[in-house]
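Visitor: Got a predicted structure plus its sequence, pasted below:
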Amino acid sequence: MGTALVYDDEMTKYKLLWVDPVCEPEVPERLQVSHQALVRSGLAGCCVPVPVREATDEEILLVHSEEYLEGVKKTPFMDLEDLMAFTQQYGDVYFHPNIYHCAKLAIGATLQLVDSVMTGKVRNGMALVRPPGHHSQTSQANGFCVFNNVAIAAQYAKKHHRAKRVLIVDWDIHHGQGIQYCFEDDPSVLYFSWHRYEHQSFWPNLRESDFDSVGSGKGAGFNINVPWNQVGMGNSDYLAVFFHVLLPVAYEFGPDLVLISAGFDSAIGDPEGLMCATPDIFAHLTHLLMNLAGGKVCAVLEGGYNLTSLAQSVCQTVQTLLGDPPPHPANLGGPCESALESVHSARSVHKKYWSCLQHAAAPFPEEPSTKTCRPAQQDGSQGPQSNGGGEAQKEAIVWPEPLQRDAPSVRTALVLPDAVACADGCERFSPAEGPDSMATAGLRKHFLKESEDGVNVKLLYNITALVGQMEKNEIRNGLALVPDVSMATTLLTSTSLSKRVLVVWVGDGLVPAQVLEDEKTLVVHISSTAPHEAQSKYYVPITLKQGCGDTVGLMQAALGLLLPLGYQYAPGLVLLVRLPGCRAREDLWLQLTGLLQGLAAGHTLVLVQENETASVGITASCLLGNAAPSLGSLAAPGPEDVESFERLRLRLQTDWPLLQTTAPDKR
Ligand SMILES: CC(O)(O)NCCCCNCCCN
Ligand SMILES: [Zn+2]
């Protein structure tokens, strides 16, 4: 299934007609450069074009009042003086004779996207729209927003597509208070927003943008605010919030639709955000959401005012929606102290609403720290500093162009015993030439018992050749059914050319000593017992009392432990090994297969015992890029499991700072 792109240049045909420094950044060029970048990169051509339409009054009234709508309806006929007067009643926004038309198109574009995704015409998509929406409220325009595109889309999806649970992820750097107000007491819409806050000193300066606004009445717990109390937040800060706040709760919520209020003023270079996260981070944020809701993800443009980082970030997002491998995560450090406080505060106030946080979040933090996050830049200058939101940055902020993300010609190759049929869409891997006598001798000497017949030599040779082609980016990923997954793992880690190999060892069974001792491997072992007492930072035993059949425990361990470790380790190859007798549920196994593809530029090899032919088809389908089926809402993880996860976190977080969920001196 494809990726929709909804855009019409009619939405560029309004602009600021008078002097107002606050509104200056919201220019038509924002849409033009974004769309142009998608066209020039070839990404637009890979998308399914979906036409825009005007929203109907009825759709606008899903969120807005009649009197507000009647007022806005008059603006096309207003002269400059009346437009300015009409604008005066609202904050940080401007009107134009054509903005009402464009605002209806922005909603219509968004609803067209929701229709395309919810009816299965496409898998996911992006709507490039302006005016943005997330600040507008029942009866008022605000923050460049006229109608609340995403809030209307959520109501529309519930009403017309019987969506039961809608997740809204607002990664724009401003708080979408309009969305928060709309769903304050609505448990069917989970609204998540991070936003520049600086202890309420940043616009829109609302007390209710802080982390303790959790929603009210039946909606309590369904509003998650993560305030950024310092500028300069970077890739590690954003990922930490996804791993330790958003994703655990999102998986517990189990949405059947994900709407992204995709503002890119949270990217480096933006004059509003003053953050440091680079455009490629949006590839990872998007990827991490794409296995929710069966992949039904709609990204809708909100803000973004640096035309260069905006265009790059839009491309990173769309390229990931299209299924291209995310870039290698840049050398990630740990989240800064201020970010950790925000993570800790959000987890603390939400622990009573979300069982995934129940035993994890520690008690409330004390006074916020005033330590500046970012050490002075190399040249001694400070990073972007907030000068009270006054004049924009003096010196230009520069960052590297996002790396090319070439999708290998072969997406998924399978190494299967001849008797096992190949899954459709994949190809059976068979290297041009077989093992030469040297390779055969090597394999026989190290890996085969004398009794083994020739077929295994060929099979073992094939998996090393497959990994070789993955590491040369000729093949993206693969699945191999082998006689002995332990031996295959030992062989592959010893022959891999990657500097780092992440081995995800799922099931009860010892990890081969040679793999453990190999200094280029990180082994994350998920099982019912911790077999090795190894205290090495490169062997991480995650234990589940009920074993791998415990879907909730395994999922929460994957989100809060495995993924942070994997992203911090930044492997060149990921081996996902399913041990014989492993009882991980199929849909959970697919979530792992899907999420791990965010690492190593998608070079994931799944190793399964050859008698487990049943999982070939669905695993292959996931490796081909089809979203893993939704797990639905998750129950509570076992308290003792969560406590053992937290003990593990405490032991490892010094070596792996992306595991942290609380600021150092708060522990
Ligand atoms: C869609 C959006 O969230 O990007 N709108 C941002 C509106 C910003 C209003 N100006 C604040 C003044 C302080 N610099
Ligand atoms: Zn914004």
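Guide: Arrived safely, thanks for sending. Ligands and ions are numbered 1, 2, ... in the order given.

Visitor: count of residues packed around the residue in the chain positioned nearest to ligand 1?
Guide: Using CB to the nearest ligand atom, the single residue of the chain nearest to ligand 1 is residue 303, 2.1 Å away. The C-beta positions use only the backbone N, C-alpha and C, and glycine is treated the same way. Each residue near residue 303 was counted by other CB atoms under 10 Å, and the total is 28.

Visitor: pretty sure it is in a strand, no?
Guide: No: Residue 303: not assigned to a strand; according to DSSP: H, G, I helix; E, B strand; the rest coil it is coil.

Visitor: For the closest residue to residue 329 other than its chain neighbours, what is the enclosing helix or strand?
Guide: Nearest-residue entry for residue 329: residue 567, 5.0 Å, with adjacent residues in sequence omitted and distances by CB to CB, 6 or more residues apart in numbering. Taking DSSP states H and E as the definition, one finds residue 567 inside helix 563-569.

Visitor: what sits against the residue of the stretch 401-550 of the chain found nearest ligand 2?
Guide: With CB to the ion, the shortest gap between the stretch 401-550 of the chain and ligand 2 falls at residue 402, namely 20.9 Å. Residues counted as contacts of residue 402 (CB atoms under 8 Å, 6 or more residues apart in numbering) are 278-280, 283, 312, 315-316, 327.

Visitor: Enumerate the residues of the chain near ligand 1.
Guide: Contact residues (CB under 6 Å from any ligand atom) of the chain with ligand 1: 22, 92, 132, 135, 143-145, 172, 174, 203, 263, 265, 272, 302-303, 389.

Visitor: hmm, which of those are the buried ones?
Guide: Under a neighbour-count criterion of 16 or more other CB atoms under 10 Å, the subset of these counted as buried comprises 92, 132, 135, 143-145, 172, 174, 203, 263, 265, 272, 302-303, 389.

Visitor: These in helices, which ones?
Guide: For those, membership in helices holds for none, with DSSP state H as the criterion.

Visitor: from those residues, which is closest to residue 117?
Guide: Distance to residue 117, by CB to CB, is smallest for residue 302 among those, at 18.2 Å.

Visitor: Against residue 116, how distant is that closest one?
Guide: Relative to residue 116, residue 302 is positioned 20 Å away (CB to CB, to the nearest Å).

Visitor: so where do the helices sit in the stretch 401-550 of the chain?
Guide: 437-447, 454-471, 485-495, 513-517 (DSSP state H, counting those that start in this stretch).

Visitor: buried sites along stretch 114-132?
Guide: For stretch 114-132, the buried set under the neighbour-count rule, 16+ other CB under 10 Å, comprises 114-118, 122-132.

Visitor: Over to stretch 8-26?
Guide: Along stretch 8-26, the positions that meet the burial threshold by neighbour count (16+ other CB under 10 Å) are 8, 11-14, 16, 23, 25-26.

Visitor: what does stretch 509-516 contact?
Guide: Contacts of stretch 509-516 from elsewhere in the structure, counted by CB under 8 Å, 6+ apart, are 486-487, 489-490, 493-494, 503, 505, 521, 523, 525, 527, 531-532, 534, 536, 538-539, 579-581.

Visitor: List only buried entries from those.
Guide: Among these, those buried by neighbour count (16+ other CB under 10 Å) are 486-487, 489-490, 493-494, 503, 505, 521, 523, 525, 527, 534, 538-539, 579.

Visitor: what's the domain layout of the chain?
Guide: For the chain, whose domains are defined here by automatic domain parsing, the residue ranges read 3-394, 476-660.

Visitor: any chance of those in a markdown table, plus mean pLDDT and distance to ligand 2?
Guide: Below are these laid out as a markdown table (pLDDT from 0 to 100; distance: least, CB to the ion, whole Å):
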| stretch | mean pLDDT | distance to ligand 2 |
| --- | --- | --- |
| domain 3-394 | 93 | 3 |
| domain 476-660 | 94 | 25 |
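
Visitor: From residue 251, how far off is the spatially closest residue to residue 254 that is not a sequence neighbour?
Guide: Setting aside the residues directly before and after it, residue 254 is nearest to residue 633 in space (CB to CB, 6+ apart), at 3.6 Å. When CB to CB is the yardstick, residue 633 and residue 251 sit 9 Å from each other.

Visitor: Over to residue 527?
Guide: Per CB to CB, residue 527 is found 21 Å from residue 251.

Visitor: Neighbours of residue 639, how many?
Guide: Here the neighbour count serves as a burial measure; for residue 639 (other CB under 10 Å) it reads 13.

Visitor: ok, it - contacts?
Guide: The contact partners of residue 639, by CB under 8 Å, 6+ apart, come to 358-359.
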